[in-house]
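J.: pasting the sequence and the predicted coordinates here, then a few questions.
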Amino acid sequence: GNEVNHVVKDPTVNGPCQKKFIRDMRAFIKKCNSKMRPIPVGVVLADTNRSPNALYYNCRTDPKDTLENAEWYGINVYLQCDPKATVDKVGDSFKLIHSDFQSYKLAGPTMLTEFGCLNEGFPTVKGYAAQRPWVQASWLLSKDFSDVFTGGFAFEFSTENANSKADAPYPFTSFGAQNYGLGYFSPETCDHVNTTCKYNRMPNFDNLAKYYTGTNTTLPSASDYTEFVTTTPSCPSGFSTLKDSTWAADAVTDMLCPDLTQTKMCPGQDIITGKKQEGTSINGTSGSGSTIEAPGSGSGNGNSFSKNSANSLVTGVSAIMLALSQVWSFLTAPGFKVDGKHVVITGGSTGLGLATAKKYAKAGAKVTIIARSMDALEKAKAEIQAIAKHPVFIQSCDVTNFESVQKAVAAANTFHNRVTDHVVCCAGAAMPGYFFEQDISIFRKEMDLNYFGVVHATKAALPAMIERNEGGTFVFVSSGCGLLSFIGYTQYCPTKFAVRGFADALRNEFKLYKMNVHIFYPGNIDSPGFIQENKTKPAECKEIEGSADLLSPDQVAQSMIDGVANGVYAITNDIGIWLLRVIGNGINPRKNTILEMALLPLLTLVQIGFVAYMDYVVGKYRSARAKKEKTN
């Protein structure tokens, strides 16, 4: 996108030049559409002379030239800044923004840009103005607002006001760090060469999530809207047509499209053909998942290197070794080659199991899903079959019954005319509560489902896989509770610890058969099971867990599959769980040994602190209980 800032009475002075830039850029991208991802070209209309700018950039000098208009519009909102005005969406500022933008009738998606109010008298983070960007972000969730806007973003928020003041020192400390939006670098003398720059995140940054997620509203669907702009107006008189002869050095035909090899440093991005680029991400993943294997490794420490600095030498050597580790991980990664392979998924009718089945089906696998409810299986089958290359096999089965699982696997092998290649064990449940209050039957039920369900599926599939002698893959879904246990989970965590012990042993034993074993430690998943377990979860348990965002089953399934593709034994999709895995790795493979060695001393201190926090939470509720009992 390109911001237009015409501080003139008549935007026709340089408006045609800006429009031609948009047209030529779109023409260039269209010309290179076999070598570039589709990139939408937009224009941001500054608050200065915004109304006439909107008129000219929305028009078309040549009715037949569809490339002349931007594909999206951003409109700055500074003119509506009034720290004393009501910040709620019924306030004057909201009404003015809403009515102005509707009147422009832009023929394309419109976003709010330059959130915030940075004027001479704006208050600190405790006042209205510095908070305004995040309140505006919450507006975007309301239907009357999203009828007009497709979204919004903030830019220049950390520098705009300081740039207008000659006496503002770097990094604008005279006005207070809290006033500058997203962040700033320190110390003031840093240059990333002699002195490392530290990025400081502002308090305001966290307010974005607070206001956005705190808006209680039902998100509308696309069918709720009617496109009210269907034609592009012609430009007013006096606005130059976009002839190539008007400006020099403008021939798009002379511009060379990028060689595809130049884009391979960008991992996992779709190009216009729909194929994946063969890039390498931080964790060696070629794809869009979010498996966490080396958080923060990236480009790391910049390019500074001092021959006289021992620290720089150690840092440099460590960076090189880490880079070599990443390259080796990528080169040795098995990939996710499942076309024509047979996968059996337990718990495959809902949640993570269903999402995983869809991923396998989309990749060309022969899918079998096992669950107890035939109604749920039929519904899941319809969803999977819509994207599957092969017929989907379903089998009603209780994984706590070994004979039932044996029959299900045998029937699946017969149906697909192929012995199982992958076994993914997703069946499981949690029934949190206080140990003292729960019946002993709950503990047996949890162990039968969460642990023995995994043992049964593995034991049922293994004989035929060994006889075929072509290897195979087993993926066991554990939980963050397979690495950490606390109040409320006495019936659940032991089952997930058991799965971990089972996987650790099989990882070693299955080298006999050239089979791969993976264990997945996911965080909380947005699923019916999570809703159900929260009904009995003790308050102390909820507080210790915290309010981490739930991930969709699709996101979690992608992380798991990315881990399998990368050859990661202990797969995680949450930074906190990844750190737990680093602390409690045991005698098992590590993917980034150098990084983990560097983190362990610090993590030991973090571990001590978290133990103290867990005990503090329980102590707090114990005191509250005692006070309540005394009152009663």
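T.: Arrived safely. Nothing here was measured: the structure is a model prediction, and the numbers come from that model. Residues are numbered from 1 along each chain as shown.
J.: what packs against the helix or strand hosting Ala624?
T.: Per DSSP states H and E: Ala624 is located in helix 593-631. On a contact count with 3 or more Cβ pairs under 8 Å, 6 or more residues apart in numbering; DSSP states H and E, helix 593-631 meets helix 310-332, helix 539-545, helix 575-583. Bear in mind the C-beta positions are built from the backbone N, C-alpha and C, glycine included.
J.: from the contact counts, what lies against the last one?
T.: Packing partners of helix 575-583 (3+ Cβ pairs under 8 Å, 6+ apart): strand 515-521, strand 570-572, helix 593-631.
J.: list the buried residues for it?
T.: Neighbour counts using 16 or more other Cβ atoms under 10 Å place 576-583 of helix 575-583 among the buried residues.
J.: just the pLDDT for Lys9.
T.: The model reports Lys9 with a pLDDT of 61.
J.: do Asp167 as well
T.: The model's pLDDT for Asp167 equals 46.
J.: now do Pro463
T.: 95.
J.: what does Asp554 give?
T.: At Asp554, pLDDT is 91.
J.: show the contacting residues for it.
T.: 355, 358 (Cβ atoms under 8 Å, 6 or more residues apart in numbering).
J.: what do you get if the cut-off is 10 Å, keeping everything else the same?
T.: 352, 354-356, 358-359, 526 (Cβ atoms under 10 Å, 6 or more residues apart in numbering).
J.: helices - which of these land there?
T.: Among those, the residues falling in helices (DSSP state H) are 352, 354-356, 358-359.
J.: got the angle for the helix holding Ala624 vs helix 575-583?
T.: Put simply, helix 593-631 runs at 110 degrees to helix 575-583, going by axes from the mean of the first three to the mean of the last three Cα atoms, to 10 degrees.
J.: in helix 593-631, what counts as buried?
T.: So, applying 16+ other Cβ under 10 Å, buried residues of helix 593-631: 594-596, 599, 603, 607, 610, 614, 617-618.
J.: before we move on, what about stretch 60-75?
T.: For stretch 60-75, using 16+ other Cβ under 10 Å, the buried residues are 60-61, 67-75.
J.: re earlier: pick out the shakiest of the helices and strands packed on helix 593-631, pLDDT-wise.
T.: When I compare the helices and strands packed on helix 593-631, helix 310-332 is least confident, with a mean of 54.
J.: switch the buried residues of stretch 60-75 over to TSV; also include pLDDT and distance to Phe435.
T.: Converted to TSV, the buried residues of stretch 60-75 look like this (pLDDT from 0 to 100; distance: Cβ to Cβ, whole Å):
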residue	pLDDT	distance to Phe435
Arg60	84	71
Thr61	82	76
Leu67	84	68
Glu68	83	70
Asn69	82	65
Ala70	83	62
Glu71	83	59
Trp72	83	56
Tyr73	82	59
Gly74	81	56
Ile75	76	58
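J.: and which of those residues is nearest Gly238?
T.: Ranked by distance to Gly238 (Cβ to Cβ), those are led by Thr61 at 11.2 Å.
J.: relative to Lys19, how far out is the closest one?
T.: Note on Thr61: its distance to Lys19, by Cβ to Cβ, to the nearest Å, is 8 Å.
J.: what do those two both touch?
T.: Residues touching both Thr61 and Lys19 (Cβ under 10 Å, 6+ apart): 68, 235, 239-242.
J.: what subset of those residues is buried?
T.: Looks like the shared contacts of Thr61 and Lys19 have 68, 235, 239, 242 buried, using 16+ other Cβ under 10 Å.
J.: touching, the first one and Pro233? I think so.
T.: No: with contacts defined as Cβ atoms under 10 Å, Glu68 does not count as touching Pro233, sitting 11.9 Å away.
J.: common neighbours of the two, please.
T.: In contact with both Glu68 and Pro233: 59-60, using Cβ under 10 Å, 6+ apart.
J.: ok, back up a step: which one among the shared contacts of Thr61 and Lys19 gets closest to Lys341?
T.: Glu68 (49.9 Å).
J.: quick one, what contacts the closest one?
T.: Glu68 touches 19-20, 22-23, 26-27, 57, 59-62, 232, 235, 241-242, counting by Cβ under 10 Å, 6+ apart.
J.: out of those, which comes closest to Gly151?
T.: Nearest member of these to Gly151, counting by Cβ to Cβ, is Tyr57, at 18.7 Å.
J.: any idea how far that closest one is from Tyr104?
T.: Noted for Tyr57: a distance of 10 Å to Tyr104, by Cβ to Cβ.
J.: with Gly609 instead?
T.: If you go by Cβ to Cβ, the gap between Gly609 and Tyr104 works out to 53 Å.
J.: again, but for Leu242
T.: 21 Å.
J.: got it, and Leu599?
T.: In this view, Leu599 and Tyr104 are 52 Å apart by Cβ to Cβ.
J.: same check on Val611?
T.: Distance from Val611 to Tyr104, by Cβ to Cβ: 58 Å.
J.: can you redo the helices and strands packed on helix 575-583 as TSV with mean pLDDT and distance to Ile487?
T.: What follows is these, written out as TSV (pLDDT from 0 to 100; distance: least, Cβ to Cβ, whole Å):
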stretch	mean pLDDT	distance to Ile487
strand 515-521	95	20
strand 570-572	91	23
helix 593-631	80	6
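J.: out of these, the one nearest Gly42 is which?
T.: That would be, of the helices and strands packed on helix 575-583 and by Cβ to Cβ, strand 570-572, which comes in at 36.7 Å.
J.: pairing partners for that closest one, with directions?
T.: strand 515-521 (parallel) (DSSP bridges).
J.: and after the strand it pairs with, which helix or strand comes next?
T.: helix 528-534.
J.: buried residues in that next one?
T.: 529, 533.
J.: for the stretch 51-200 of the chain, what are the low-confidence residue spans?
T.: 77-97, 114-145, 147, 152-185, 188 (pLDDT under 70).
J.: do the same with the stretch 451-600 of the chain
T.: For the stretch 451-600 of the chain, the ranges with pLDDT under 70 are 547-549.
J.: kindly recompute the last result at 50.
T.: For the stretch 451-600 of the chain, no stretch has pLDDT under 50.
J.: so who does Ala365 touch?
T.: Ala365 neighbours (Cβ under 10 Å, 6+ apart): 336-343, 345, 357, 359, 388-390, 416, 421-422.
J.: for Pro463, that is, sorry about that
T.: 406, 409, 419.
J.: quick one: buried residues of the helix or strand where the first one lies?
T.: In the assignment (DSSP H and E), Gln406 maps to helix 402-416. Of the residues in helix 402-416, those scored as buried under the neighbour-count criterion (16+ other Cβ under 10 Å) are 402, 404-406, 408-409, 412-413, 415-416.
J.: adjacent strands (with direction) for the helix or strand following it?
T.: Next helix or strand after helix 402-416 toward the C-terminus (DSSP H and E): strand 422-425. Applying DSSP bridges, strand 422-425 is found paired with strand 342-346 (parallel), strand 472-477 (parallel).
J.: and those strands, which is most packed in?
T.: strand 342-346 (a mean of 27; mean count of other Cβ atoms under 10 Å).
J.: return the member of the buried residues of helix 402-416 nearest to Ser51.
T.: Ranked by distance to Ser51 (Cβ to Cβ), the buried residues of helix 402-416 are led by His416 at 64.2 Å.
J.: tell me who's in contact with the residue lying closest to the closest one once chain neighbours are set aside.
T.: The shortest distance from His416 to any non-neighbouring residue, by Cβ to Cβ, 6 or more residues apart in numbering, is to Lys366 (4.4 Å). Residues near Lys366 by Cβ under 10 Å, 6+ apart: 338-344, 360, 388-393, 412, 415-418, 420-421.
J.: the same query, at a cut-off of 7 Å, please.
T.: Neighbour list for Lys366: 340-342, 390, 416, 418 [criterion: Cβ atoms under 7 Å, 6 or more residues apart in numbering].
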